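In: Pasted the sequence and its predicted model underneath.
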Amino acid sequence: VINSEIRKDLTQADFKVIEENTNVIESLAGTKSLEFKTGAKKPEGWVHFDCRASCYVNIGDLIDTEKEAERIKKEIESLKKYTQQIRTKLGNDNFVVNAPREVVEKERNKFMVSEEKLRKLEEKLKSL
């Protein structure tokens, strides 16, 4: 389902391109059909994508949502442990003061990347 409600940055020409390429989009998405609806709301059990237009994909036909949720939960737990290790390292004044600046900066970057990935995984889990 593609929400065809017009947004400021989405033109009728954009929807025309989508409509003209429906078969390609369906093939790439692995879905059987593509619908355009005005004011569409995300159906239960569907995943939301927002790339200029709000798109809702029924993943129930594509994956086992229970197994996917378990996989994501395991990945979240692993990432939380990893992020906590980095947080502990960065919280150690001896490390921050004595390590080369590049090493400390690398750890800070790893921490930020991990936090962002964790946020995205938690959003993904909620959307299942």
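Out: Arrived safely, thanks for sending.

In: all helices for this protein, in order.
Out: Using DSSP state H, the helices assigned to the chain run over residues 12-20, 22-29, 65-91, 93-98, 101-127.

In: got JSON lines for those helices, with mean neighbour count and mean pLDDT too?
Out: From N, CA and C alone the C-beta is placed, and that goes for glycine too. Below are these laid out as JSON lines (neighbours: other Cβ atoms under 10 Å; pLDDT from 0 to 100):
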{"stretch": "helix 12-20", "mean neighbour count": "12", "mean pLDDT": "75"}
{"stretch": "helix 22-29", "mean neighbour count": "12", "mean pLDDT": "76"}
{"stretch": "helix 65-91", "mean neighbour count": "13", "mean pLDDT": "95"}
{"stretch": "helix 93-98", "mean neighbour count": "10", "mean pLDDT": "96"}
{"stretch": "helix 101-127", "mean neighbour count": "13", "mean pLDDT": "93"}
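
In: and residue 110, what does it touch?
Out: By Cβ atoms under 8 Å, 6 or more residues apart in numbering, the residues touching residue 110 are residue 86.

In: measure it to residue 87 for me?
Out: Between residue 110 and residue 87 the distance is 11 Å, computed by Cβ to Cβ, to the nearest Å.

In: now do residue 72
Out: 21 Å.

In: And residue 125, by the same measure?
Out: Taking Cβ to Cβ, one finds residue 125 at 21 Å from residue 87.
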